[in-house]
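Engineer: Fold the following and give me the result.
(chains A and B)
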Amino acid sequence: MIKVQREDFDVGAELAALTAGRTDVGGVASFVGLVRDLAGGAEVGAMTLEHYPGMTEKKLAEIEAEAQRRWPLQATLIVHRYGRLEPGDRIVLVATASPHRQAALEACAFLIDWLKTKAPFWKLEETAAGPQWVEARDSDDDAAARWNPQRRVAE
Amino acid sequence: MKILYFAWLKSKVGIAEEAVTPPADIATVAALLDWLATRGPKHAAALANRSIVRVAVNQEYAGPDHPVRTGDEVALFPPVTGG
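Structural biologist: Residues are numbered from 1 along each chain as shown, chains lettered A, B, ... in the order given. You can find the predicted model right below:
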């Protein structure tokens, strides 16, 4: 499931909903991204997340489908916020449910790594020097690239 | 053709979107960017460094040789920084 929203989300409620009514799930892995008050050595007051409505949902759905193709997953969830966020606020939640932990953990890491390099979001940080668009980092590309060529978890 | 600008491309060009009618010989993403850069000093400044401009045609990532045609939605934006 994909949710792109301005509002905050309740991690516990989202994870509970992911497996509600099921008894065949062995484990749920999750990642929660938060706004930091420090970026590249500069203090950040708040940030505004811009996105490309339409393409965002499309790319997230593709990334989710790719995870489901690569791992035996029973449920997946991506919640990504946009708009103005303050340090400590939640930005993103990724969760995966599988009969086995390895698939859930790997797919969760895959989802956040691919999301960071493929989903059309941009961060505008409020710094002492004025608003600054965050630049993409090579380390994010490297993190995404480790999932190519395709690696499959032993089933 | 609808052109969308995001993040600092939007700030530099000064608008979020515009409807354009490029000449008939503009058939690829690269040619379209060259043509857009001639629309004014703001466009030229925004498109000065093509290596940091990403393009999506009809909401799919597209390289410089990707075709563009009348009616397409073409978005220009920097490398993404979500998550």
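
Engineer: CA only for contacts and neighbour counts going forward, please
Structural biologist: OK.

Engineer: got a list of what A:Glu7 touches?
Structural biologist: A:Arg81 (CA atoms under 8 Å, 6 or more residues apart in numbering or on different chains).

Engineer: do A:Thr56 as well
Structural biologist: A:Thr56 neighbours (CA under 8 Å, 6+ apart): A:119-121.

Engineer: And those, which is closest to B:Ile3?
Structural biologist: Of all the contacts of A:Thr56, A:Pro120 has the smallest distance to B:Ile3: 15.7 Å, by CA to CA.

Engineer: mind checking how far the closest one is from chain B?
Structural biologist: 5 Å (CA to the nearest CA, to the nearest Å).

Engineer: just A:Val92 next, same as before
Structural biologist: According to CA to the nearest CA, A:Val92 stands 6 Å off from chain B.

Engineer: how many other residues sit next to B:Ile32?
Structural biologist: To be clear, residue B:32 is Leu; Ile isn't right here. 19 (other CA atoms under 10 Å in any protein chain shown).

Engineer: what's the nearest residue to A:Thr48 if we skip its chain neighbours?
Structural biologist: A:Arg84 (4.1 Å; CA to CA, 6 or more residues apart in numbering or on different chains).

Engineer: give the contact list for the nearest residue to A:His100 once chain neighbours are set aside.
Structural biologist: Spatially, and ignoring its direct neighbours in sequence, A:His100 is nearest to A:Gly26 (5.5 Å; CA to CA, 6+ apart). For A:Gly26, the contact set (CA under 8 Å, 6+ apart) comprises A:97-101.

Engineer: Assumed B:Leu9 was part of a helix.
Structural biologist: Yes: looking at B:Leu9 with DSSP: H, G, I helix; E, B strand; the rest coil, it is inside a helix.

Engineer: ok, back up a step: quick one: the residue nearest to A:Thr48 and A:Val35 touch, right?
Structural biologist: No: A:Arg84 is beyond contact range of A:Val35, at 10.6 Å (criterion: CA atoms under 8 Å).

Engineer: Now for those two: what residues contact both?
Structural biologist: When CA under 8 Å, 6+ apart defines a contact, the residues bordering A:Arg84 and A:Val35 alike are A:Met47.

Engineer: Show me which of the two is the more surrounded one.
Structural biologist: A side-by-side neighbour count of A:Arg84 and A:Val35, using other CA under 10 Å, places A:Val35 first with 19 against 15.

Engineer: what about the strands in the chain?
Structural biologist: As the question left the chain open, I've gone with chain A. A:2-5, A:27-34, A:38-39, A:42-51, A:75-81, A:83-85, A:90-98, A:121-127, A:130-133 (DSSP state E).

Engineer: wrong chain, I was asking about chain B
Structural biologist: In chain B, the strands defined using DSSP E lie at B:2-5, B:17-19, B:54-57, B:60-61, B:73-77.

Engineer: quick one: which of those strands is nearest A:Asp89?
Structural biologist: That would be strand B:73-77 among these, by CA to CA, at 25.2 Å.

Engineer: Find the residue ranges of chain B scoring beneath the pLDDT cut-off.
Structural biologist: Residue ranges of chain B with pLDDT under 70: none are present.
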